[in-house]
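Peer 1: task: produce atomic coordinates for the following.
(one chain, ligands or ions: 1)
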Amino acid sequence: MECAEARLRLDAYLDGELAGDDRAALREHLATCPDCAPELAALEGLRDSIRRSAPAYRAPPALRAQIRAGLRRERTANAAGGLSASAWVAYAASLLLAVAVGSGGTYLVLGERQQDTLAEEVIDSHLRSLLADHLTDVASSDKHTVKPWFAGKTDLSPPGVDLAAQGFPLVGGRLDLIAGRPVPALVYRAGKHVINVFVLPKARGDEPETVTRRGYSLRHWVSGDLGYWAVSDAAADEFDKFEHAFRAAVGG
Ligand SMILES: [Zn+2]
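Peer 2: I've put the predicted structure just below:
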């Protein structure tokens, strides 16, 4: 996929409207393109900020559709050179207008990506991996096959952790996109349940946490320079065992 084509599809991708081969092709492009991944991150960041600034208000569907349509027209017009500055301003302004109209005056704060947002993204990625039948890019129960597979695809090096003896066989690995950057996801099984472990750089103010959202359990912990996010619908005691076994194996 060419950059111009990729740019045209970023919105649909973020909206979860891209399916099948289109989605796979875009993800492949994003995983390797140094230009488009930051573009997606910027777009996501803008959306997150707006979402955070106006948690109680969502634009009516008609207005959202109008904004999206307008943005896509802009993107099409600027396909060769990426999104123009004026398009960004128009996009931000139109969303801000929606926010201001709805809440009686909310301002946009472009802050750091919050852990909260990250947790949501991790769940989304977990769901996508299950729904789209794209659980692994490299299918292997051998950590000596899975770990090296990531080399050169992401600057994050996941640990090779074999937990078969503890009842959590390795299924494989996948390159995923979290916060606009390609990150390794290690895939394990716990009985019939899938456990995705996303490996991210440790963030500032990173706090370990255990939360349940949308029916999925999330475990987050930090070890060395890496932040781990494990997500699954496995039972809590089973997930506890997994987390302990994984952390013991990497020494964190
Ligand atoms: Zn590109």
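
Peer 1: what about the strands in the stretch 101-250 of the chain?
Peer 2: 138-139, 170-178, 181-190, 193-201, 209-213, 216-223, 226-232 (DSSP state E, counting those that start in this stretch).

Peer 1: what's the angle from the fifth one to strand 226-232?
Peer 2: By that I understand strand 209-213. Counting by axes from the mean of the first three to the mean of the last three C-alpha atoms, to 10 degrees, strand 209-213 lies at 30 degrees to strand 226-232.

Peer 1: direction included, what does strand 209-213 pair up with?
Peer 2: Applying DSSP bridges to the sheet, strand 209-213 is found paired with strand 216-223 (antiparallel).

Peer 1: quick one: average confidence on the partner strand?
Peer 2: The average pLDDT within strand 216-223 is 91.

Peer 1: send me it as CSV with only the CA atoms.
Peer 2: Output of strand 216-223 as CSV, limited to C-alpha atoms (Å, rounded to 0.1, in the frame of the first residue of the first chain):
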residue,chain,number,x,y,z
TYR,A,216,-12.1,-8.0,30.1
SER,A,217,-9.4,-8.1,32.7
LEU,A,218,-6.3,-6.0,32.3
ARG,A,219,-3.1,-6.4,34.2
HIS,A,220,-0.4,-3.8,33.9
TRP,A,221,3.0,-4.0,35.4
VAL,A,222,6.5,-2.6,34.8
SER,A,223,9.8,-4.5,34.6
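
Peer 1: could you give me the buried positions within that strand?
Peer 2: 216, 217, 218, 219, 220, 221 (16 or more other C-beta atoms under 10 Å). From N, CA and C alone the C-beta is placed, and that goes for glycine too.

Peer 1: and if you look at stretch 189-203?
Peer 2: The neighbour-count check on stretch 189-203 (16+ other C-beta under 10 Å) flags 189, 190, 194, 195, 196, 197, 198, 199, 200 as buried.

Peer 1: just give me how far it sits from the chain centre.
Peer 2: From the chain centre to the centre of stretch 189-203 is a distance of 13 Å (C-alpha atoms, centre = their mean, to the nearest Å).

Peer 1: what about it, how long is it end to end?
Peer 2: Stretch 189-203 has an end-to-end distance of 27 Å (criterion: C-alpha to C-alpha, to the nearest Å).

Peer 1: quick one: closest of the strands of the stretch 101-250 of the chain to residue 7.
Peer 2: strand 170-178 (15.4 Å; C-beta to C-beta).

Peer 1: pull up the pairing partners for the closest one, direction included.
Peer 2: Under the criterion DSSP bridges, strand 170-178 sits next to strand 138-139 (antiparallel), strand 181-190 (antiparallel) in its sheet.

Peer 1: where does pLDDT dip in the stretch 101-250 of the chain?
Peer 2: Across the stretch 101-250 of the chain, residues meeting the criterion (pLDDT under 70) sit at 101-114.

Peer 1: same for the helix or strand encompassing residue 45, what does it pack against?
Peer 2: Using DSSP states H and E, residue 45 falls within helix 36-53. Packed against helix 36-53 by the contact rule (3 or more C-beta pairs under 8 Å, 6 or more residues apart in numbering; DSSP states H and E) you find helix 3-14, helix 20-32, helix 85-103, strand 181-190.

Peer 1: quick check: residues of the chain near the ion?
Peer 2: Within the chain, the positions near the ion by C-beta under 5 Å from the ion are 3, 6, 33, 35, 36.

Peer 1: spatially central residue in this structure, please.
Peer 2: Nearest to the mean C-alpha position of the chain, by C-alpha atoms, centre = their mean, lies residue 178 at 3.0 Å.

Peer 1: show me what contacts it?
Peer 2: Each residue near residue 178 by C-beta atoms under 8 Å, 6 or more residues apart in numbering is listed here: 118, 121, 122, 125, 198, 200.

Peer 1: surely the last one touches residue 184?
Peer 2: No - with contact defined as C-beta atoms under 8 Å, residue 200 does not count as touching residue 184 (9.1 Å).

Peer 1: between those two, which contacts overlap?
Peer 2: Residues within reach of residue 200 and of residue 184 at once, by C-beta under 8 Å, 6+ apart, are residue 156.
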